[in-house]
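Asks: model the following, please.
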Amino acid sequence: MVTGLVIGGGPAGLMAAEVMAGAGLKVIVAEAKPSVGRKLLMAGKSGLNLTKAEDEATFVAAFEEAAPALSPMLAAFGPDAVQAWAAGLGQELFTGTTGRVFPKAMKASPLLRAWLRQLGAQGVEVRTLWRWTGWDGDGALFATPEGEEVLRPDVTVLAMGGASWARLGSDGAWAEGFDTAPFRPSNIGIEIGWSDKMADQFGQPLKAVALRAGGRVSRGECVISRRGLEGAGVYALSRDLREGATLEIDLMPDVPLDRLRDKLARRRRGDSLSSHLRRAIRLDPAKRALLMEFGRPLPDDLAPVLKALPVRYAGVLPLDQAISTAGGLRFAALDERLMLRDRPGTFAAGEMLDWEAPTGGYLLTASLATGLWAGRAAADYAAANPSSEAMARR
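Replies: As a prediction, this is how the structure comes out:
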């Protein structure tokens, strides 16, 4: 039987294994951690966002400079296909008001359990605590609990992740020796040296705000944390924030400047500023605290400050705290099948590729899509290029 090896047990690797096994290959998944899908499970703790229900052109455009390379893969396995796949694993889904698609269970664990059952039924073997350490000619070397092991499959799919959340398996250690773009944090919060007066606001959400940086605008929510600002609203701007772009927050994005001025002008005699802001424009405590933190000295005309509050930040949080990373294996090092140009029969997929996507279902969909693409290509390559060992086994 033709053999296939998948290195990495995240969504991209498991999808590649599913496709290869479906094509009749005997597949081994080698995972460095004690179990597979660890980052998927962590993402699912806050609600597993599988994909986003929007038209193909809009969905692909979210990947910006990587869109041309990813477009055929996302066309083959886009939002509709992801939903059909999850439904096939017995997962009931729902679509939120923003188009984000979730399992009704919200968690990742039911989907992962169903997926592993299916892979087991296909004959896929999962070997955990197998860390890839390099190549031995046509073989892949692994450090295992039993010592060094070498596997010599007919085809291999690499799906070793990016360089964030090392404790979950994505440490980027594989990158040495590959043609990679430097890893950079993506979907990451920013670091702020708060004054002592902000301590009461730690953990408080910032709702109904608009954040602006580098010409981008984000209407997502974020949270005031001890470290700075975190959450989807900030993550959407991480491309620009990691380069040090100026950040402004519109604390009243749904109120035009002139109308805001008019509201602020109606101050009652004896009202403190805090009381006035609460009464006149319903500015909540978290927003008032931010105004005092970054707006002082407060001008007489407060409206422009409320509409464009400058936020002083020290930079983005460390790489390992990012939800995902930009950078990785360059597309120029791969052919259109995602096969390494300098290693025929070896393919790559998932976050180890040099693409970047916002949160909101894009990350997971592209990981699944590239895993499927690489898995299909590996199976096709094995069929077209049978090894002497595979021929003998037949």
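Asks: buried ones in stretch 263-276?
Replies: 263-264, 276 (16 or more other CB atoms under 10 Å). (C-beta placed from N, C-alpha, C; glycine too.)
Asks: got a list of contacts for it?
Replies: 255, 279-281, 288, 298, 302-303 (CB atoms under 8 Å, 6 or more residues apart in numbering).
Asks: can you check stretch 337-344 too?
Replies: Outside stretch 337-344, the residues touching it (CB under 8 Å, 6+ apart) are 135, 333-335, 345-349, 353, 370, 373-374, 377, 380-381, 385.
Asks: quick one, what contacts Lys107?
Replies: Contacts of Lys107 by CB under 8 Å, 6+ apart are 44-45, 48.
Asks: which residue sits farthest out from the middle of this protein?
Replies: The outermost residue of the chain relative to its centre, with distances by CA atoms, centre = their mean, is Arg269 at 51.1 Å.
Asks: can I take it that it is in a helix?
Replies: No: using DSSP: H, G, I helix; E, B strand; the rest coil, the assignment for Arg269 is coil, not a helix.
Asks: with just CA atoms, put stretch 178-194 into CSV.
Replies: Only the C-alpha atoms of stretch 178-194 are listed here, as CSV (Å, rounded to 0.1, in the frame of the first residue of the first chain):
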residue,chain,number,x,y,z
PHE,A,178,13.5,26.3,4.8
ASP,A,179,13.0,29.4,2.6
THR,A,180,10.8,31.4,5.1
ALA,A,181,9.7,34.9,5.6
PRO,A,182,10.3,36.1,9.2
PHE,A,183,7.6,35.3,11.6
ARG,A,184,5.6,38.3,12.9
PRO,A,185,2.7,38.5,15.4
SER,A,186,-0.8,38.6,13.9
ASN,A,187,-4.1,39.0,15.6
ILE,A,188,-2.3,40.3,18.7
GLY,A,189,-3.1,42.8,21.4
ILE,A,190,-1.0,45.9,22.2
GLU,A,191,1.1,46.7,25.2
ILE,A,192,0.2,49.8,27.2
GLY,A,193,1.9,51.1,30.4
TRP,A,194,-1.3,52.1,32.2
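Asks: neighbours of the closest residue to Gly78 other than its chain neighbours, just the number please.
Replies: Spatial nearest neighbour of Gly78, chain neighbours left out: Glu56 (5.8 Å); criterion: CB to CB, 6 or more residues apart in numbering. Residues lying near Glu56 (other CB atoms under 10 Å) number 13.
Asks: just Leu364 next, same as before
Replies: Neighbours around Leu364, by other CB under 10 Å: 25.
Asks: do the same with the one 5 residues further on
Replies: When counting by other CB under 10 Å, one arrives at 27 neighbours for Ala369.
Asks: packing partners for the strand or helix carrying it?
Replies: Following DSSP states H and E, one finds Ala369 within helix 362-384. Counting contacts by 3 or more CB pairs under 8 Å, 6 or more residues apart in numbering; DSSP states H and E, helix 362-384 packs against strand 3-7, helix 11-22, strand 51-52, helix 67-76, helix 79-88, strand 155-158, strand 346-348.
Asks: next helix or strand past the fifth one?
Replies: Helices and strands here follow DSSP H and E; after helix 79-88, the next one along the chain is strand 93-95.
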